[in-house]
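sequence plus predicted model, see below.
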Amino acid sequence: MANWLFLIPLAPLAAAVINFLFGRWYIRDRAHWLAILGVAAAFVLSVAAFAQVAGDGEAISQHLYTWIPAGDFQIPVALTVDQLTAVMLVVVTGVGLLVHIYSVGYMHGDPGFYRFFSYLPLFVFSMLMLVLANNYLLLFVFWEAVGLCSFLLIGFWYRRRSAAQAAKKAFVVNRVGDFGFGLGVMLIFVNLGTLEYTGVFEGVASLPQGTVTLIALLLFTGAIGKSAQIPLFVWLPDAMEGPTPVSALIHAATMVTAGIFMVARSWAIFAASPDAMLVVAIIGAATAFVAATIGLTQYDIKKVIAYSTVSQLGYMAFALGVGAWAAAIFHLMTHAFFKGLLFLGAGSVIHGMHDEQDMRHMGGLKKYMPVTYWTFLIGAAANAGIVPFAGFWSKDEIIVGAWVGGRPIIAIVGLIAALFTSLYMFRVVFLTFHGEERFDRHHVKPHESPAVMTIPLLILSAGAVLAGFVGFPPENGAFHHFLEPVFSGHGAEAHHVSTATTLTFGAISTVIALAGLGLAYAAYIRGSLNPATIAARLGPLYQLAYRRWYFDEIYETVIVHPLYRLSVWLWRVVDVQIIDGTVNGVAALVSFTAQRWRRVQTGLVANYALAIALGTVIIVGVYLIVGSNLFQ
Amino acid sequence: MDGFPILSALTYVPLVGAAIIFFWPKASPQAARWVALGASLVSLVLSLVMLAGFDTSASGMQFVERFEWLPALGVSYHFGVDGISVLLIVLSTLLTTIAIVASWSSIQHRVREYMITMLLLETGMLGVFVSLDLFLFYIFWEVMLIPMALLIGVWGSANRIYAAVKFFLYTLAGSLLMLVGIIALYQSYFEQTGIRTLDVLQLQQGNYGYTFQMWVFAAFFIAFAIKVPMWPFHTWLPDAHVEAPTAGSVLLAGVLLKMGGYGLLRFNLPLFPDAARDWAPVIMVLSVIGIIYGALVALVQPDLKKLVAYSSVSHMGFVTLGIFAFNAQGLYGAMIVMLSHGLVTSALFLCVGVIYDRGHTRLISRFGGLATNMPVYASFLGLFTFASLGLPGLSGFVGEFLSILGAFRAERAAGVIAFLVVIFSAWYMLWMFQRVAWQRAPGEPPDANDPEAKLAADEPRPVMGGAEHGDDVIDPRTFRDVTWREAMTLAPLAVLSIWMGVYPQWFMNFLRTALELVAKPFGGIGF
């Protein structure tokens, strides 16, 4: 028991609510104080929780109240911190705090300043609750709540049509994933009668194989949406419409990893279904590859990093799919540092370039913004998997995990994607910071960002350098030992990885990463390769990547437009013509017959007398024929 | 409070208020408003007192008032409430009070008559929920119909007469079928036992043959299905909502639709369990069709009120879906959906009313960018948008999830298809929100520092709304934010919606014993 756990999410929630209610009139441009205070408090408490879990080696929990008591469907609001949650807590609040501090500089002077510092802590609250939940329905609640925050922050500059569209798209596409996730939750309840993690994981063994596979795949559908895997990744690049700190925190470091977290949390279900694992691995590898190819061709600096995020999430997913649970969480953690760093660095560039995002209008920025350049370079090296930066350790472990997990093809796809990763990452570095200055020097005066923005960059770059070492030596580091209690039991067996394998893959990865670096250097610095010529030679393949594999176009023509036309048809034809037509038809018929009958009421006594006489004749006639025996 | 007829009191206080206004011909419009507000407030307070005194652990009817009325016919004056009706009564008194406040300045024409109509409507609605005698029930059911039709027909907008007549005839057709059902039931019970009675609780003890059940079930069912409204009996609803004044829409969506679900729970299930079980597949199919169909049609509505009306068709599908799952989750879900829909959809109609009063149009395309000049309004609209699309933590989610879970448990396919609506509901609600509160007013150029400004320079943008439609179109940029009075109508609904989402247990405790009783003939699955 730890009855102070509720304070972790409460602190940012309080900041969010107060800023939202009073920000416009009273707090205004002081809103950041409360937000930073709330998130800092959450960070300190998270570290305390982490220390306690690390010290005792046991999960701590707190039951708050029963949320939904519907007969045998009893859902508590209860928090629990085990090793996995502890890692997530520290990552979320740590990166969250840095992003909050950075935003003070980035959002300075924005008319929605208070709104920003209300939504951002609200997101931290939701994300904390998501990782703290002890049952699937509560997880689902905050799964959607982070989606709400994402919606509000993508659409933060709501007057732009593109931002509003992107916000709606993000929410609706995520709802497609949530549809599957929700069904998975229902299926768990119907089969096991509980949604609390411990009970569910114990009960999984008793279920038939088909049911477990179905549950696992449905849950993974949710992760496909939230963690931007193929085929639902289309929302994430559009989400870059939001302010850059939002992209760093929500669409790189934390929220998009919720799907990875959820699958890792449910590893007992996935581990019980090899078929589902294979699907996860294939989708993850495909995502890693496809997104990396798209990243090679984009010119918007944030878009490249966004596709890089999708690709890295793909790595995490296929780590899960091959059973390298700890490696997936390890990569999640290192990725939070270096990708947060890259986005904040990109934000610093955009800020210093007066809202320019197109790399074709950049170049040579190294001398104008040295801190941004060096920190960005560290982030890029970590992302590209250069020894000894953080990304190297975790990515390498994933590829090794795929190899020893009996999925060599997936390991190879991972290596190919790693080449692209290195290439696109250094393409960004060279296009942005090196070479000739391609901007209009009369109007754009690039400048370094203020300290409130560069200090978070420095802290994060320290993380991007050092975070990898908690996982050293590979497969056997402090990080792995810490997570071991979570990913053991339920009949799990760890693959043994020989030192030779580790070293071999380390060498291959290094060569590949350096090859990517070399290619980028040749193409964008030395000019010995001409990217335009290569693109022309690749022809349709280049177009495929540049057009983002036509996912958006396909959805637009195959789903959105037909559905829209169906809806119009349902309304105009079925509703108005058929159903309402019938109703009005009945009314018209009644009215029509009534009009006819009205003619009978002529008002002439003679007519009435005739009718009476006729009626009498008829009645008597019928009586005589039917009722009496006169004619029989 | 023992012996004080609190149910009669809260039901007839509005009637007394109506009488005061009626017999005070010199009353100024302002005086009429205050009398109406006072009467509805007294009724609201009485209903809260009743709620406070309600024993959630007891089974059966509470605050019962019963005496013989027309003994020769077996008609008794029988009032009482259980968990199902007690919350609906408070919802009705609350929404009536809010509706009267909401009409304070938007109704300027025949104010006395309007307030009388509102109060008569309140008495009718409350009577329906407290009556435990079919004779009384039927009277209140019909009484309520007339003021509602008048609200639409007298204080509605352009095409009001058509809408009022359509509403009246549709509902009347249903209630005549119900009347036939009531008479058949009365006769059958008399033939079985030799006792003439119309007492609901007593009639539930009867033993009705299968064929009889099937037919009489259908008679009741159609009356309630029209009220809900279930697909395909729903086409009166969009017309009625579009033409009705704001307060009329609030009560129509908030309370009147609930009578369908209430009737099913109170009469159809307890009286005809065998028929209910056999009709259930048909009803589930219709519910699922309604859920998806309503959402899709809402997607393409250009008119705000029609959008909300079709979303009601979709939401109310969850009520019937949940009820005919016959398990704990479904029944709880159905009740919570009714309560949540009563709060949220009413609030959405109030939101539409706020901008209708300023812009004199309901077309979505005429609005835009309201979050800039109406931030408080946009916050309310956003909250109710998300409550309506079922965001967890707000009221909509709890009911919808439980109802679908119930359906999923009873009949997989129904649950799966109905759950698809989470995608469409997010789509149509957010698209509406985006076009009304976000983006820019029609014809407004992009901001100077907006990246879209660069794009706009290249491609010509169509100018919508604005000058080409002539004189009476008012620029949404000139709208003032909500007044205090408007905020006071929205705030209680917002608080209740959050409360119901965060702590639904409080509401569900009232329902428990009553729903257990409903589920008993069906095996009490899930309790």
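Thanks, I have it.

and the next element down the chain from the worst-scoring helix or strand of chain B on mean pLDDT?
None of the helices or strands of chain B scores lower by mean pLDDT, DSSP states H and E than helix B:451-458, at a mean of 55. Counting by DSSP states H and E, the element after helix B:451-458 in chain order, helix or strand, is helix B:484-502.

and that following helix, what does it pack onto?
helix B:83-102, helix B:328-359, helix B:375-388, helix B:395-410 (3 or more C-beta pairs under 8 Å, 6 or more residues apart in numbering or on different chains; DSSP states H and E). The C-beta positions use only the backbone N, C-alpha and C, and glycine is treated the same way.

quick one: mean pLDDT over the third one.
This points to helix B:375-388. For helix B:375-388, mean pLDDT rounds to 95.

please apply the same query to stretch A:201-219.
93.

can you give me the buried ones in that stretch?
For stretch A:201-219, the neighbour count (16 or more other C-beta atoms under 10 Å in any protein chain shown) marks A:201, A:203-204, A:207, A:211-219 as buried.

residues contacting residue B:52?
By C-beta atoms under 8 Å, 6 or more residues apart in numbering or on different chains, the contact set of residue B:52 is empty.

contacting residues around residue A:421?
Contacts of residue A:421 (C-beta under 8 Å, 6+ apart): A:292, A:295, A:308, A:311-312, A:383-385, A:513, A:516.

with only the CA atoms kept, save stretch A:170-180 in CSV.
Only the C-alpha atoms of stretch A:170-180 are listed here, as CSV (Å, rounded to 0.1, in the frame of the first residue of the first chain):
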residue,chain,number,x,y,z
ALA,A,170,-5.7,12.2,-35.3
PHE,A,171,-8.7,11.6,-33.0
VAL,A,172,-10.8,9.7,-35.6
VAL,A,173,-7.9,7.5,-36.8
ASN,A,174,-7.1,6.7,-33.2
ARG,A,175,-10.7,5.8,-32.7
VAL,A,176,-10.4,3.2,-35.4
GLY,A,177,-7.7,1.6,-33.3
ASP,A,178,-9.7,2.1,-30.1
PHE,A,179,-12.6,0.2,-31.8
GLY,A,180,-10.4,-2.9,-31.8
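
what comes into contact with it?
So stretch A:170-180 is contacted by A:140, A:143-144, A:147-148, A:150-151, A:154, A:217-226, A:232, A:234-236, A:238-239, A:259, B:419-420, B:422-423, B:426-427, B:430 (C-beta under 8 Å, 6+ apart).

returning to that earlier point: in helices, which of the buried residues of stretch A:201-219 appear?
Under the assignment DSSP state H, these contribute A:201, A:203, A:211-219 to helices.

tell me the one of those nearest chain B?
Taking C-beta to the nearest C-beta as the measure, chain B lies nearest residue A:218 of those, at 10.3 Å.

related to what we said a few turns ago, so which of the contacts of residue A:421 belong to helices?
Using DSSP H, the contacts of residue A:421 in helices are A:292, A:295, A:308, A:311-312, A:383-384, A:513, A:516.

mind listing what the residue in chain B positioned nearest to chain A touches?
Nearest residue of chain B to chain A, counting by C-beta to the nearest C-beta: residue B:328, 2.8 Å away. By C-beta under 8 Å, 6+ apart, residue B:328 lies in contact with A:70-73, B:406, B:515, B:519, B:524-527.

please list the members of those residues that lie in helices.
Among the contacts of residue B:328, the members that lie in helices (by DSSP H) are B:406, B:515, B:519.

dump the residue contacts of the second one.
Spelled out, it's residue B:515. Counted by C-beta under 8 Å, 6+ apart, residue B:515 has contacts B:83-84, B:328, B:331-332, B:335, B:527.

would JSON lines of these with distance to residue A:274 and pLDDT be doable?
Formatted as JSON lines, the contacts of residue B:515 follow (distance: C-beta to C-beta, whole Å; pLDDT from 0 to 100):
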{"residue": "B:83", "distance to residue A:274": "48", "pLDDT": "91"}
{"residue": "B:84", "distance to residue A:274": "49", "pLDDT": "93"}
{"residue": "B:328", "distance to residue A:274": "36", "pLDDT": "92"}
{"residue": "B:331", "distance to residue A:274": "40", "pLDDT": "95"}
{"residue": "B:332", "distance to residue A:274": "38", "pLDDT": "95"}
{"residue": "B:335", "distance to residue A:274": "43", "pLDDT": "95"}
{"residue": "B:527", "distance to residue A:274": "38", "pLDDT": "82"}
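
need the buried ones from those selected in ChimeraX.
For the buried members of these, the matching ChimeraX selection, counting by 16+ other C-beta under 10 Å, is:
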select /B:83,84,328,331,332,335,527
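
looking at the contacts of residue B:515, which two lie furthest apart in space?
The distance between the two most remote of the contacts of residue B:515 (C-beta to C-beta) is 15.1 Å, for B:84 and B:527.

show me the shaky parts of chain A.
A:1, A:490-495, A:628-632 (pLDDT under 70).

how about the residues of the stretch 401-527 of chain B by chain A?
B:401-402, B:404-405, B:408-409, B:415-416, B:419-420, B:422-423, B:426-427, B:430-431, B:434, B:437-440, B:446-447, B:449-452, B:503-505, B:508-509, B:526-527 (C-beta under 8 Å from any C-beta of the partner chain).

who in the stretch 451-600 of chain A is up against chain B?
Going by C-beta under 8 Å from any C-beta, the residues of the stretch 451-600 of chain A near chain B are A:563-564, A:566-568, A:570-571, A:574-575, A:579-580, A:583, A:587.

try it again with 10 Å
A:560, A:563-572, A:574-576, A:578-584, A:586-587, A:590 (C-beta under 10 Å from any C-beta of the partner chain).

hey, where'd the strands end up in chain A?
Using DSSP state E, the strands of chain A run over residues A:60-70, A:73-81.

closest one to chain B among these?
Comparing these by C-beta to the nearest C-beta, strand A:60-70 comes nearest, at 4.2 Å.

how near is the residue in chain A positioned nearest to chain B to residue B:320?
Going by C-beta to the nearest C-beta, chain B is nearest to residue A:71 of chain A, at 2.8 Å. As for residue A:71, its distance to residue B:320 is 19 Å (criterion: C-beta to C-beta, to the nearest Å).

of those two, who's got more company?
Taking other C-beta atoms under 10 Å in any protein chain shown, residue A:71 and residue B:320 do not tie; residue B:320 has more neighbours (29 against 22).

hang on, the earlier thing: got a ChimeraX select line for the buried ones in the residues of the stretch 401-527 of chain B next to chain A?
Restricted to buried positions by 16+ other C-beta under 10 Å, the ChimeraX selection for those reads:
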select /B:401,402,404,405,408,409,415,416,419,420,422,423,426,427,430,431,434,437,438,439,440,446,450,451,452,503,504,508,526,527
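
need the longest strand for chain B.
Per DSSP E, chain B has its longest strand at strand B:62-70.

which positions within that strand qualify as buried?
B:62-63, B:65.

equivalent analysis for stretch B:47-58, please.
Buried residues in stretch B:47-58 (16+ other C-beta under 10 Å): B:47, B:50, B:54.

now do the end-to-end distance for it.
With C-alpha to C-alpha, to the nearest Å as the measure, stretch B:47-58 spans 18 Å from end to end.

can you show me the helices along the stretch 351-500 of chain A?
Using DSSP state H, counting those that start in this stretch, the helices found in the stretch 351-500 of chain A span residues A:370-384, A:390-404, A:408-433, A:451-466, A:478-483, A:499-521.

pick the most buried one from those.
Among these, ranked by average contacts under mean count of other C-beta atoms under 10 Å in any protein chain shown, first place goes to helix A:390-404 (a mean of 27).

leaving out sequence neighbours, find the closest residue to residue A:366.
residue A:433 (4.2 Å; C-beta to C-beta, 6 or more residues apart in numbering or on different chains).
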